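Asker: Need coordinates for the following:
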Amino acid sequence: MAKATRATQALAKAGVVFTIVEYAYEAGADRIGLHAAAAIGEEPSRVLKTLMVSVDGKPACAVVPSDGELSMKRVAAAFGGKTAAMLPPAEAEKVTGYHVGGISPFGQRKAVPTAMEAAALAEPHVIINAGQRGVMVRLSPADAKRVLAAVAAPLLA
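Answerer: Predicted coordinates for the structure are as follows:
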C-alpha cells in the first residue's frame, strides 16, 4: 500500500470513501493517463487526468478523461474567462506542490478554481491521481466534484 499523500489525507478528512490504485509509472510515457488506464485495466474515460491551466493569467485546474483533448476555449468559458493556456510544468509543480505525472486536484498546495468534465459525472466511478506517480484513487465522481468544489462543464474539444 502506498504511503499517505496530501491528496489521500484531504479525501479522508472530507469523509470520502476511496480506494488506492497503484500501477508501474513509466517516466517519459507518451500519454500518462492512457498509460495508467491500460496498466490498471480501466476505461480511459474513467481515468481522469489533472491539467493545470492559466485562465486570464490565473492558475486553475481542469480534470478530464485521459482519452480527451482539452479545449482552451471551453476551459476559459467554464471559469468565466476570456483566454486559457496550459501552465508550464515548473509553474504547475510550484502551484500544486506535486511533480508532473503525479499532480492531483486534491490537496494542492494552493487552492485554485477547478472544473471537471461534465461527462465524467455519468461514470459509476472515476480514478484520479493521488499526488504521487503511480498512485491513484478510485472514488465516485460526485464525491470528487464535491470535495474539489468543482464546476461541471464540457471541457473537451
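Asker: Spit out the contact partners of the residue of the chain positioned farthest from its centre.
Answerer: Taking CA atoms, centre = their mean, the residue of the chain most remote from its mean C-alpha position is K82, at 22.3 Å. Residues near K82 by CB atoms under 8 Å, 6 or more residues apart in numbering: D56, A76. The way it works is simple: take the backbone N, C-alpha and C, and place the C-beta from them, glycine included.
Asker: can you list the weak-confidence ranges in the protein?
Answerer: The chain contains residues with pLDDT under 70 at 1-2, 28-30.
Asker: Do you have the strands of this structure handy? List them.
Answerer: Secondary structure of the chain (DSSP state E): strands at 19-22, 47-55, 58-65, 84-86, 114-117, 126-132, 135-139, 151-153.
Asker: What is the last one packed up against?
Answerer: Packing contacts for strand 151-153, counted by 3 or more CB pairs under 8 Å, 6 or more residues apart in numbering; DSSP states H and E, involve helix 72-78, strand 114-117.
Asker: which one of the ones you listed is the most hemmed in?
Answerer: Scoring the helices and strands packed on strand 151-153 by mean neighbour count under mean count of other CB atoms under 10 Å gives strand 114-117 as the most buried, with a mean of 25.
Asker: related to what we said a few turns ago, same list (the strands of the chain) but as CSV, adding distance to S71.
Answerer: Formatted as CSV, the strands of the chain follow (distance: least, CB to CB, whole Å):
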stretch, distance to S71
strand 19-22, 28
strand 47-55, 11
strand 58-65, 10
strand 84-86, 9
strand 114-117, 10
strand 126-132, 20
strand 135-139, 24
strand 151-153, 10
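Asker: out of the helices and strands packed on strand 151-153, nearest to A38?
Answerer: Taking CB to CB, strand 114-117 is the member of the helices and strands packed on strand 151-153 nearest to A38, at 19.8 Å.
Asker: From the contact counts, what lies against that closest one?
Answerer: Here strand 114-117 touches strand 58-65, helix 141-148, strand 151-153, going by 3+ CB pairs under 8 Å, 6+ apart.
Asker: can you do 6 Å?
Answerer: Here strand 114-117 touches strand 58-65, strand 151-153, going by 3 or more CB pairs under 6 Å, 6 or more residues apart in numbering; DSSP states H and E.
Asker: Please work out which of the ones you listed is packed deepest.
Answerer: Comparing the helices and strands packed on strand 114-117 by mean count of other CB under 10 Å gives strand 58-65 as most buried, with a mean of 22.
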